[in-house]
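Trainee: Give the three-dimensional model of this entry:
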Amino acid sequence: MTLIRAGLRASLIILSAFVALGGVAAVPAAAAVPQCTGTVSKSVLYSDLGRLESVIAGGAGRLYVSLDPPDLSPSRLISIARPGAPPRTVADGPDGPGGLAWDRRRLLWGYGNSLENGEVGDENPAAGLYRVNLTNSNRSVVSDRLGMANGIARASNGAIFASNNMGMKIDRISPSGTTVNGWATLDSANGLVISRNQKYLYAAQTFAEPSAISRIEIANPANVTTWATTDGVITGNPVFDGLTRDRKGNLYVAAWAAGEVWKIDSRGRFCVLATGLGRPSSLTFGLGKSGFRAGNLYTVSFNGEVTEIKGAVSATYPAG
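Mentor: From the prediction side, this is the model:
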């Protein structure tokens, strides 16, 4: 690890601690990423919900959010039936609410997503993953040997991947339930998403310099390539967090420090989709015909906001 990277990592650890304690500090973005072309609008649907870590859409137009409540009570998994409806607690959990992914009708929910676990997670994995029954709130442990359970993704064959943005390892849980720590090696992996053809795992890298989205071949995890990079595009680190994709295969990343959401097209080019967000941490497309609608992008933030972004799919990298 270079001294520059170590310094950046230390600075953002301190910053994250301030945020966890209710501070308002932010890392200024120094971006020259172009604005996406198209009609894009955003609106804040909820605020003051706590420190929101991860979001995922479900059936019937619902959203599910992993969070630390503002009153510092135990971490929670909440559901919101539709915009304007009151959030409902699905389950409480231990410290460090982590990533979310679907396992058929059950929801995978990471726990132990903390700075302390992340710093030692490569050598002493102590985070884990629940499988939550949304009907009765019962939960079972899928694994208790993950590095951080920050980003979570599940492949169609049942394999589950989990990231540690403070370390170098991406963990894998086999369809039969066996945990392999360090299935792949990638610096500071955070948000994870699997490609449409199920051949690749994309990972947003939080502390890497230059900031990047990397692609890992699932059948050969030693084959890691850079899919998109800010090298030569910006100075400074936008601090990539959550990652998602649309049905066309375009990627979308939460640029935490920049307070923005960026779109990444099929050529690996970044454009700014939305600005003025309060430390966005995760994002997902709605799935409903009503409620949180299919085609709309929803992002959550450390500032406690749920924001709706319309026009994301049709927005494009500017011509010329």
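Trainee: Residue ranges in the stretch 1-150 of the chain under the pLDDT threshold?
Mentor: Within the stretch 1-150 of the chain, the stretches with pLDDT under 70 are 1-31.
Trainee: Not counting residues beside it along the chain, what's closest to the residue most central in space within the chain?
Mentor: With distances taken as Cα atoms, centre = their mean, the residue of the chain nearest its centroid is Gly242 (2.3 Å). Spatial nearest neighbour of Gly242, excluding adjacent residues (Cβ to Cβ, 6 or more residues apart in numbering): Ser282 at 3.4 Å. C-beta here means a position set from N, CA and C on the backbone, and glycine is covered the same way.
Trainee: so the one you found sits right up against Gly191, yeah?
Mentor: Yes: if you go by Cβ atoms under 8 Å, Ser282 and Gly191 touch, sitting 7.1 Å apart.
Trainee: more crowded one of those two?
Mentor: Gly191 (30 against 26; other Cβ atoms under 10 Å).
Trainee: what about that one, which helix or strand?
Mentor: In the assignment (DSSP states H and E), Gly191 maps to strand 189-194.
Trainee: Tell me the gap between the following helix or strand past that strand and the middle of its chain.
Mentor: For strand 189-194, the following helix or strand on the C-terminal side (DSSP H and E) is strand 200-205. Remark: strand 200-205 is offset 11 Å from the chain centroid, using Cα atoms, centre = their mean, to the nearest Å.
Trainee: what sits up against strand 200-205?
Mentor: With contact meaning Cβ atoms under 8 Å, 6 or more residues apart in numbering, strand 200-205 is reached by 151, 153, 161, 163, 165, 170, 184, 186-195, 211-218, 227, 240-243, 245, 251, 253-254.
Trainee: other SSEs contacting the very next helix or strand once past that strand?
Mentor: Per DSSP H and E, strand 200-205 leads on to strand 212-217 as the next helix or strand towards the C-terminus. Using 3 or more Cβ pairs under 8 Å, 6 or more residues apart in numbering; DSSP states H and E, the elements in contact with strand 212-217 are strand 200-205, strand 220-229, strand 240-245.
Trainee: Quick one: closest of these to Ser114.
Mentor: When the helices and strands packed on strand 212-217 are compared by Cβ to Cβ, strand 240-245 sits nearest Ser114, at 15.4 Å.
Trainee: Please look at Gly50 and Ser66 and confirm they touch.
Mentor: No: the criterion here is Cβ under 8 Å, and Gly50 misses it with Ser66 at 10.3 Å.
Trainee: tell me, what's touching the two both at once?
Mentor: Joint contacts of Gly50 and Ser66 (Cβ under 8 Å, 6+ apart) are Arg76.
Trainee: what about the two, which has more around it?
Mentor: Each of Gly50 and Ser66 has its neighbours counted (other Cβ under 10 Å); Ser66 has more, 29 against 21.
Trainee: residue contacts, Ala162?
Mentor: Applying Cβ under 8 Å, 6+ apart, the residues contacting Ala162 are 98-99, 110, 127, 129, 143, 146-152, 170-173, 192.
Trainee: one step back: who are the packing partners of the strand holding Gly191?
Mentor: strand 152-154, strand 160-162, strand 200-205, strand 240-245, strand 251-255.
Trainee: Sheet-wise, list the partners of the fourth one with their directions.
Mentor: Paired with strand 240-245 in the same sheet, following DSSP bridges, are strand 251-255 (antiparallel).
Trainee: Distance check, the residue nearest to the centre of the chain against Tyr298.
Mentor: 11 Å (Cβ to Cβ, to the nearest Å).
Trainee: between those two, what contacts are shared?
Mentor: The overlap between the contact sets of Gly242 and Tyr298 (Cβ under 8 Å, 6+ apart) consists of 55, 283.
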